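K.L.:
dropping a prediction and its sequence here:
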Amino acid sequence: MDKKRLLIVDDDSRNIFALENTLRAKSFDCVSCLSAEEAIKILNADANIDAILIDMMMPEMDGYEAIPLIKKIPLYKSTFIIAVTAQAMAGDEEKCLAAGADGYISKPVNVDKLLLLLSKI
């Protein structure tokens, strides 16, 4: 079975480091970037992303803005996107799903829950 390739988008490199180490230990291949703008550039240049983990609260372009733009890229319109948020507030999950996310997880990330979400790809 081929490794699933994930794009991790977060403006905090510590979060990226932790997620990459955890997911690589579970046999995922990871690509990462620090902004939604950079993520869109990566997606336009790379046809091999199986799922996207995107922080919802980033400067300039946040996940709420980025997800609909990602879904407009023909190759990625059905790609599984997991919204990641640090401040889990009432209604956040619904708001993320309404923006086009396929899954939702709050920080600190529960690895078992994340792996369950990733089992859908």
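P.N.:
That came through fine.
K.L.:
low-confidence ranges in the protein?
P.N.:
Residue ranges of the chain with pLDDT under 70: 1.
K.L.:
contacts only, for the most centrally placed residue in it.
P.N.:
Closest residue to the average C-alpha location of the chain: residue 53 at 1.2 Å, with Cα atoms, centre = their mean. By Cβ atoms under 8 Å, 6 or more residues apart in numbering, the residues touching residue 53 are 6-10, 19, 81-82, 84. The way it works is simple: take the backbone N, C-alpha and C, and place the C-beta from them, glycine included.
K.L.:
for it, helix, strand, or coil?
P.N.:
Assigned by DSSP: H, G, I helix; E, B strand; the rest coil, the conformation of residue 53 is strand.
K.L.:
could you look up the SS state of residue 82?
P.N.:
Assigned with three-state DSSP, residue 82 falls in the strand class.
K.L.:
from residue 59, how far out is the closest residue to it other than its chain neighbours?
P.N.:
In space, and not counting its chain neighbours, residue 82 is closest to residue 103: 4.2 Å by Cβ to Cβ, 6 or more residues apart in numbering. Per Cβ to Cβ, to the nearest Å, residue 103 is found 23 Å from residue 59.
K.L.:
cool, residue 17 as well?
P.N.:
19 Å.
K.L.:
more neighbours: these two, which one.
P.N.:
Legend: neighbour count by other Cβ atoms under 10 Å for residue 17 and residue 59, higher for residue 17 (13 against 9).
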